[in-house]
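Trainee: Sequence and predicted structure below; questions after.
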Amino acid sequence: MAVTFTDMPIEALRAYRPDLAEPAGLDAFWTETLAAARAAAGPTRVTPVEAPMRALGVSDLAFTGFGGDEIRGWVVRPHGDEVLPAVIEYIGYGGGRGLPGERVNWAAAGYVHVVMDTRGQGSAWSVGATPDPHGSAAAFPGVMTRGILHPDEYYYRRLITDAVRLVDEVRALPGVDADRVAVTGASQGGGLAIAAAALSGEAVAAVMPDVPFLCDFPNGIVRTPSPPFTEITRFLAVHRDDADRVLHTLSHVDGAVLARRIRVPAYFSVAFMDDVVLPSGVFAAFHALASDDAAIEEYPYNGHEGGGYRHWIKQVAWLDARFGR
């Protein structure tokens, strides 16, 4: 399948609400997972580092995520002691936190900008510094199928836990307004933003997923022509008898299931020529929201790059309005 415009007629997308099964005990699964991670948490370290962005302060961040594992990141903020709202950014598939000062847009807009490194990734297009020390059974290259035969062992259980734990730690950072913390990210980062907002309750005040991945897995793995959804397709082509187990695991991390728990303001983006994250998956998550303040920006002639910098300008205006800036 080659996506030249969209995977569904536009009006069908705007009405698309798949009947995705929610696994029994989903809330208990995440409550227990997060409680264990919080119980294993150690002190968070924020250490200033040298960076060429002299108008901003850049610090190395180390906090504990899933299983007490150390997760790295960056904290970038305007100089001074003013208490500011924060934006947490999660990174797209294959990327890491990058170099010091590589991501500064939100800090330049007057926010505390926190970038989370991505365990076990950070080598495809930007550098990372966080390993994933947990083992996996047989898996297709990439991270999409690591531990995919059981929810407890699945890679994204660990990564989503890291994302939620970072919300905990950012709210406690000096100079951060704990009542004004937003989460964002593109592609995989957008899927993590959805999950973090869904599982953090009122700790997240706004969510801005940009062309979010990790949504509507049952449709995505059979219709998407490009990686990384195809990692799962290729795995199932070999593990022919494991489709039910795989879909059961994926239902625990599916953004179109978790989004049902989001009640805070939400601002999505979708690209109609996207062959990495099909627009149907984005709309599936968007339509699952329980928020009274939700909008989606459509980019009809763009692929997985979405709205790019133009969309970020719109995000700033949208978030400023909700955070009273």
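Mentor: Alright, I've got the coordinates.
Trainee: alpha carbons only for contacts and neighbour counts from here, please
Mentor: OK.
Trainee: What lies in contact with stretch 67-84?
Mentor: With contact meaning C-alpha atoms under 8 Å, 6 or more residues apart in numbering, stretch 67-84 is reached by 36-37, 40-42, 46, 55-65, 97, 100-101, 104, 107-108, 110-119, 129-130, 162, 174-177.
Trainee: I'd like to know which of the residues you listed are part of helices.
Mentor: 36-37, 107-108, 162 (DSSP state H).
Trainee: Which one (most neighbours) among the residues you listed?
Mentor: The member of the ones in helices among the contacts of stretch 67-84 that has the most neighbours, counting by other C-alpha atoms under 10 Å, is residue 162 with 29 neighbours.
Trainee: Quick check: pLDDT value at that one.
Mentor: Per-residue pLDDT puts residue 162 at 98.
Trainee: got the contact list for it?
Mentor: Applying C-alpha under 8 Å, 6+ apart, we find residue 162 in contact with 64-66, 71.
Trainee: give the contact list for residue 115.
Mentor: 73-75, 88-91, 97, 103 are the contacts of residue 115 under C-alpha under 8 Å, 6+ apart.
Trainee: Most distant residue from the centre of this structure?
Mentor: Here the centre of the chain is the reference, and by C-alpha atoms, centre = their mean the most remote residue is residue 241, at 29.9 Å.
Trainee: ok, residue 309 - how many residues close by?
Mentor: Residue 309, neighbours per other C-alpha under 10 Å, totals 11.
Trainee: What pLDDT does the model give it?
Mentor: On the pLDDT scale, residue 309 is placed at 97.
Trainee: and what of the one 5 residues further on?
Mentor: Among the per-residue scores, residue 314 shows a pLDDT of 98.
Trainee: if I look at it, how far off is residue 55?
Mentor: 24 Å (C-alpha to C-alpha, to the nearest Å).
Trainee: Spatially central, which residue of the chain would that be?
Mentor: Centre-nearest of the chain using C-alpha atoms, centre = their mean is residue 192, 1.9 Å out.
Trainee: Confirm that it sits in a helix.
Mentor: Yes: Residue 192: assigned to a helix according to DSSP: H, G, I helix; E, B strand; the rest coil.
Trainee: That one contacts residue 90, correct?
Mentor: Yes: with contacts counted by C-alpha atoms under 8 Å, residue 192 reaches residue 90, the gap being 6.6 Å.
Trainee: so what's in contact with the two at the same time?
Mentor: Joint contacts of residue 192 and residue 90 (C-alpha under 8 Å, 6+ apart) are 163, 185.
Trainee: What count of nearby residues applies to residue 109?
Mentor: Neighbour number of residue 109 under other C-alpha under 10 Å is 14.
Trainee: Same question for residue 124.
Mentor: 11.
Trainee: got a list of what the closest residue in space to it that isn't next to it in sequence touches?
Mentor: Nearest residue to residue 124, sequence neighbours excluded (C-alpha to C-alpha, 6 or more residues apart in numbering): residue 94, at 4.8 Å. By C-alpha under 8 Å, 6+ apart, the contact set of residue 94 is 121-126.
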